[in-house]
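# Would you be able to build a 3D model of this:
(chains A and B)
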Amino acid sequence: MGIAGYLALIVWAVFVNNFVLSQFLGICPFMGVSKKVESAVGMAAAVLFVITMASIITFLLYNALLVPWNLQYLQTILFILVIAALVQFVEMVIKKVSPTLFAALGIFLPLITTNCAVLGAALLAIKKEFNFMETLVFGMASAAGFGLVLILFAAIRERLALNVATPKAMKGMPIALITASILSLAFLGFSGMVRM
Amino acid sequence: MDVQAIMIGSGALAGVGAISAVVLAIASRVFKVDEDPRIEAINEILPGANCGGCGFPGCSGFAKAIVEGMADPTGCAPGGNDLAKKIAVILGVEVQEKARMVARVRCSGTSEHCANRFVYEGVASCKGASLLSEGGIKSCPYGCDGLGDCVAVCPFDAIHMGPNQIPVVDLDKCTACGKCVDACPKGVIALEAHAGQVVLHCHTHLAAKDVRKICSIGCISCKACIRACPYDALSWDVDLPVFDYEKCQSCGLCIDACKPGCIQTFKEIDLAVKAKATEALEAKKAEEAAKREAARAAAQARAAAAAAAAAEKPN
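From the prediction side, this is the model:
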């Protein structure tokens, strides 16, 4: 895969096949941490880090351990295990390095453990039979797509919260869900742009 | 069945798990965050009810806030002064004693006194009733609807529904955490001084003529209680009388003076205190009458002097 191939992969992962809006992965943090742009940026950074690391580790584990021993059927449970350990590790590091970010992410940092976007990135990379570089680029691009949508959505929600015209019954979560669906429709426009 | 495959599979999984465990164990040592030991010490002596009355998320949140200087050591209502002193010892600071507070149900309008506006058969919650119809069930928008949201929310079992569907606070159990105050959609409950024995059981802000129409036990702003008090313990605040419990002797004269009967007491009135208060009131009235008399005499004297001066003045 040349430079053009990687560019196409990035566009595909960020826009065409966006984790949140096209694959509906990682909806929980998408709804949960999108009230403030500040915490959305923190969450996006945490997810970017975790998915990139998880992609590398799961790729190495799959090709160095599972394939030689014919244990491909173990991939789901093994990946969950590794991702859980990884998230614990990231949590400890963030708690030490940036208590503010730790407080802002709150419950959602441990929730990355069960964030299907992380597992999805690892499993999709294997299903598509990407090589190491492709897996790495795909993981980062997918996480960037997740972060992009999360921050976009948080900015929209910040403005929506100030909008007095929102009917009382629609305030908060209902209008956020409708906004998310409209955003998803907008991203449908990218479909078919790049084929992978 | 291929035993070897099972062995390899479980072995691989266990191996990866063990490696992750070792890495995490090392990381927890390397990235250990030292917490202030005072947080743990304070957290241990807090009541642990996690009532949230202090405004922080649970007792541990409060402990953290105290150490960081965000909260006052006296902020824990259930713990009271004893706890504040213990916290002060841990922090090495002095605290001021705080008067004990208690939740007061400021309404005595049962359905006999204050009619229901409609027959309510919805969900048994005051909040539900007030969402369904603005102002709730009672004709008085400040009256207690009696569906017991406050009873349900109390973490200390200190508030119970009375026989006439007005909640009663257990003065010994109440810790003034304020949960019932927040739970009541009509703002009937408020925190007041625990020392007060004679209490106004009404908090209507309606005009007197409207109160007369809808409630036979609501404050009609006649101010008779204020005139009846020999100790100046009552004052008028916008539309209701307010007690000053540092001055109040619980003599009960205001109870007799209150025509609708919304001033009530928790204890029997001591007749000796009442007799003394009656004397004091008469003395106060006599004093006021003497003052008025003196003022009138002075005014007359001034008028006479002015008239004399005018007469003397040559035109």
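# which ones are touching residue A:179?
Residue A:179 makes contact with A:153, A:156, A:157, A:160, according to C-beta atoms under 8 Å, 6 or more residues apart in numbering or on different chains. Yep, even glycine has a C-beta here, placed from its N, CA and C like the rest.
# at 7 Å what do you get?
Residues near residue A:179 by C-beta atoms under 7 Å, 6 or more residues apart in numbering or on different chains: A:156, A:160.
# and it, which of the three is it?
Assigned by DSSP: H, G, I helix; E, B strand; the rest coil, the conformation of residue A:179 is helix.
# Any idea how many residues pack against residue 74?
Assuming you mean chain A. Neighbour count of residue A:74, defined by other C-beta atoms under 10 Å in any protein chain shown: 21.
# Switch to chain B, please.
Other residues lying near residue B:74 total 20 when counted by other C-beta under 10 Å.
# Run through the neighbouring helices and strands of the longest helix seen in chain A.
In chain A, with assignment by DSSP state H, the single longest helix is helix A:132-162. Helix A:132-162 is packed against helix A:3-11, helix A:37-61, helix A:116-127, helix A:173-188, with contacts defined by 3 or more C-beta pairs under 7 Å, 6 or more residues apart in numbering or on different chains; DSSP states H and E.
# To residue B:132, which of the ones you listed lies closest?
Minimum separation from residue B:132 across the helices and strands packed on helix A:132-162 (C-beta to C-beta) falls at helix A:173-188, 20.4 Å.
# just the angle between the closest one and helix A:132-162, please?
Orientation of helix A:173-188 against helix A:132-162 (axes from the mean of the first three to the mean of the last three C-alpha atoms, to 10 degrees) gives an angle of 140 degrees.
# So for helix A:173-188, mean pLDDT?
When pLDDT is averaged over helix A:173-188, the result is 92.
# Any buried residues in it, and which?
Of the residues in helix A:173-188, A:175, A:176, A:180, A:183, A:187 count as buried by neighbour count, 16 or more other C-beta atoms under 10 Å in any protein chain shown.
# quick check, nearest of these to chain B?
The shortest approach to chain B among the buried residues of helix A:173-188 belongs to residue A:175, at 20.0 Å (C-beta to the nearest C-beta).
# Please list all residues in contact with that closest one.
Going by C-beta under 7 Å, 6+ apart, residue A:175 touches A:160, A:166.
# Tell me which residues touch residue 97, please.
You didn't say which chain, so I picked chain A. By C-beta under 7 Å, 6+ apart, residue A:97 lies in contact with nothing.
# my bad, the chain I had in mind was chain B
Neighbour list for residue B:97: residue B:81 [criterion: C-beta under 7 Å, 6+ apart].
# Likewise for residue A:116?
Residue A:116 touches A:25, A:26, counting by C-beta under 7 Å, 6+ apart.
# How about the residue of chain A found nearest chain B: what's its closest non-neighbour residue?
Using C-beta to the nearest C-beta, the closest approach of chain A to chain B is made by residue A:85 at 3.6 Å. In this structure, residue A:85 finds its nearest non-sequential neighbour in residue B:20, 3.6 Å apart by C-beta to C-beta, 6 or more residues apart in numbering or on different chains.
# Secondary structure of that neighbour: a helix, I assume?
Yes - counting by three-state DSSP, one finds residue B:20 located in a helix.
# Low-confidence stretches in chain B?
Applying pLDDT under 70 to chain B flags residues B:1, B:314-315.
# closest point of it to chain A, which residue?
Counting by C-beta to the nearest C-beta, chain B gets nearest chain A through residue B:20, at 3.6 Å.
# does chain A sit close to stretch B:40-56?
No - using C-beta under 7 Å from any C-beta of the partner chain, stretch B:40-56 never reaches chain A; the gap is at least 13.6 Å.
# May I see the buried residues of that stretch?
Applying 16+ other C-beta under 10 Å to stretch B:40-56 flags B:41, B:42, B:43, B:45, B:46, B:47, B:49, B:51, B:52, B:53, B:54, B:56 as buried.
# of all the residues you listed, which comes closest to residue B:212?
Nearest to residue B:212 among those is residue B:53, at 37.3 Å by C-beta to C-beta.
# Looks like the closest one contacts residue B:178 (just checking).
Yes - using C-beta atoms under 7 Å, residue B:53 makes contact with residue B:178 at a distance of 4.8 Å.
# Residues that sit against both of these two, list them.
Going by C-beta under 7 Å, 6+ apart, residues that sit against residue B:53 and also against residue B:178 are residue B:77.
# Relative to the whole chain's centre, how far out is stretch B:216-224?
Between the centre of stretch B:216-224 and the centre of its chain there are 21 Å (C-alpha atoms, centre = their mean, to the nearest Å).
# What is the neighbour count of the residue of chain A closest to chain B?
A total of 20 residues lie near residue A:85 under the criterion other C-beta under 10 Å.
# list the buried ones in the helix or strand harbouring it?
Assigned by DSSP states H and E, residue A:85 belongs to helix A:75-97. Buried residues in helix A:75-97, counted by 16+ other C-beta under 10 Å: A:75, A:78-79, A:81-92, A:94-95.
# Could you show which parts of the stretch 1-150 of chain B are in contact with chain A?
Residues of the stretch 1-150 of chain B lying near chain A (C-beta under 7 Å from any C-beta): B:8-9, B:12-13, B:16-17, B:20, B:23-24, B:27-28, B:31, B:33.
# so what's residue A:49 up against?
Residue A:49 neighbours (C-beta under 7 Å, 6+ apart): residue A:90.
# what's the spacing between it and residue B:147?
51 Å (C-beta to C-beta, to the nearest Å).
# Are there helices or strands packed against the worst-scoring helix or strand of chain A on mean pLDDT, and which ones?
Taking mean pLDDT, DSSP states H and E as the measure, chain A has helix A:108-111 as its least confident helix or strand, at a mean of 70. Where contact means 3+ C-beta pairs under 7 Å, 6+ apart, helix A:108-111 is packed against helix A:27-32, helix A:75-97.
# what do you get if the cut-off is 10 Å, keeping everything else the same?
On a contact count with 3 or more C-beta pairs under 10 Å, 6 or more residues apart in numbering or on different chains; DSSP states H and E, helix A:108-111 meets helix A:27-32, helix A:37-61, helix A:75-97, helix A:99-105.
# And the helices in chain B, which stretches?
Ranges of helices in chain B, per DSSP H, are B:3-30, B:37-45, B:58-67, B:80-91, B:126-132, B:149-153, B:179-183, B:208-214, B:224-228, B:253-257, B:271-312.
# Please convert these to CSV, extending it with distance to residue B:168.
As requested, the helices of chain B are arranged in CSV below (distance: least, C-beta to C-beta, whole Å):
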stretch, distance to residue B:168
helix B:3-30, 52
helix B:37-45, 31
helix B:58-67, 28
helix B:80-91, 22
helix B:126-132, 16
helix B:149-153, 10
helix B:179-183, 12
helix B:208-214, 23
helix B:224-228, 23
helix B:253-257, 18
helix B:271-312, 25
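# Indicate which one of those is closest to residue A:2.
Nearest to residue A:2 among the helices of chain B is helix B:3-30 (34.7 Å), distances taken as C-beta to C-beta.
# Show me which residues of that closest one are buried.
Buried positions in helix B:3-30, judged by neighbour count with 16+ other C-beta under 10 Å: B:9, B:12, B:13, B:16, B:20, B:24, B:27.
# so what secondary structure elements neighbour that helix?
Applying 3+ C-beta pairs under 10 Å, 6+ apart, one finds that helix B:3-30 makes contact with helix A:37-61, helix A:75-97.
# quick check: angle from the longest one to helix A:116-127?
In other words, helix A:37-61. Using the same axes, to 10 degrees: helix A:37-61 against helix A:116-127 is 30 degrees.
# which one is residue A:139 nearest to, not counting chain neighbours?
Once flanking residues are discounted, residue A:139 sits nearest to residue A:55: 3.0 Å by C-beta to C-beta, 6+ apart.
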